[in-house]
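# Sequence first, predicted model second:
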Amino acid sequence: KAGVTQTPRYLIKTRGQQVTLSCSPISGHRSVSWYQQTPGQGLQFLFEYFSETQRNKGNFPGRFSGRQFSNSRSEMNVSTLELGDSALYLCASSPTSGGAGWFFGPGTRLTVL
Amino acid sequence: GENVEQHPSTLSVQEGDSAVIKCTYSDSASNYFPWYKQELGKGPQLIIDIRSNVGEKKDQRIAVTLNKTAKHFSLHITETQPEDSAVYFCAATPNDYKLSFGAGTTVTVRA
């Protein structure tokens, strides 16, 4: 079974721009969550989706948003990019709501110049 | 919210020796404790997990122990091999949907 896929793998943007990252979960998985990984803050929870509904959100500003489609694929969007948004953005999927474990993709490396 | 502390931050072991990583958590309601291995350029890989109704779980050379009273859990890797070199993260959650991660342990296995 294919793992979680994320596109693009690398992205370079400038301050003020916006960006959209995509995630395809493992086939059959209905839950998707997003995390930001930085050297200073580590792994931090962004949000979690189940059946196209955002059920939980972490402590990030409103510039960070996301959505989930009917096929469970998910996108996250960051508007008005700041230098501090440079990070590895990780998507994870789970068959249910994490009860069977969360499986991560390779991430999208975002660099904001 | 949940706060997870992980020690040590770096660990160097001789090939064949054991490695132990320890984590403590703050939320007594946490009931799920996964461990992840992250290699350079890759996402975290789930290697083992444990629920609060179990004290110990083993999978080949990897084992995890949980002490709910003391609110700490540990990862044990026996007979370490060079391919065990990576960053290891512990995590805890009371609700399954949001993982709170430790800061990570960089493990280096010396040949």
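Noted; the coordinates are in hand. Only a predicted model underlies this, so the values are computations on that prediction, with no experimental measurement involved. Numbering: from 1, shown residues only, chains lettered A, B, ... in the order given.
# Distance check, A:Q18 against chain B.
Using CB to the nearest CB, to the nearest Å, A:Q18 is found at 24 Å from chain B. Any C-beta I mention is one placed from the backbone N, CA and C, and that applies to glycine too.
# Quick one: residues contacting that residue.
Residues in contact with A:Q18 (CB atoms under 8 Å, 6 or more residues apart in numbering or on different chains) are A:77-81.
# In three-state terms, label the spatially closest residue to B:D59 that is not a sequence neighbour for me.
Closest residue to B:D59 apart from its sequence neighbours, by CB to CB, 6 or more residues apart in numbering or on different chains: B:I48 at 5.4 Å. With DSSP: H, G, I helix; E, B strand; the rest coil as the basis, B:I48 sits in strand.
# isn't B:I48 right up against B:W35?
Yes - in this structure, B:I48 is within contact of B:W35 by CB atoms under 8 Å, at 5.2 Å.
# hang on, the earlier thing: export the contacts of A:Q18 to CSV and tack on neighbour count and distance to B:S18?
Formatted as CSV, the contacts of A:Q18 follow (neighbours: other CB atoms under 10 Å in any protein chain shown; distance: CB to CB, whole Å):
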residue, neighbour count, distance to B:S18
A:N77, 13, 45
A:V78, 25, 42
A:S79, 14, 48
A:T80, 11, 49
A:L81, 19, 44
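# quick check, nearest of those residues to chain B?
A:V78 (18.7 Å; CB to the nearest CB).
# Please give me every residue in contact with the residue nearest to B:D59.
B:I48 touches B:34-35, B:57, B:59, B:62-64, B:75, counting by CB under 8 Å, 6+ apart.
# With pLDDT as new columns, can the contacts of A:Q18 be given to me in a markdown table?
Converted to a markdown table, these look like this (pLDDT from 0 to 100):
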| residue | pLDDT |
| --- | --- |
| A:N77 | 98 |
| A:V78 | 98 |
| A:S79 | 96 |
| A:T80 | 97 |
| A:L81 | 98 |
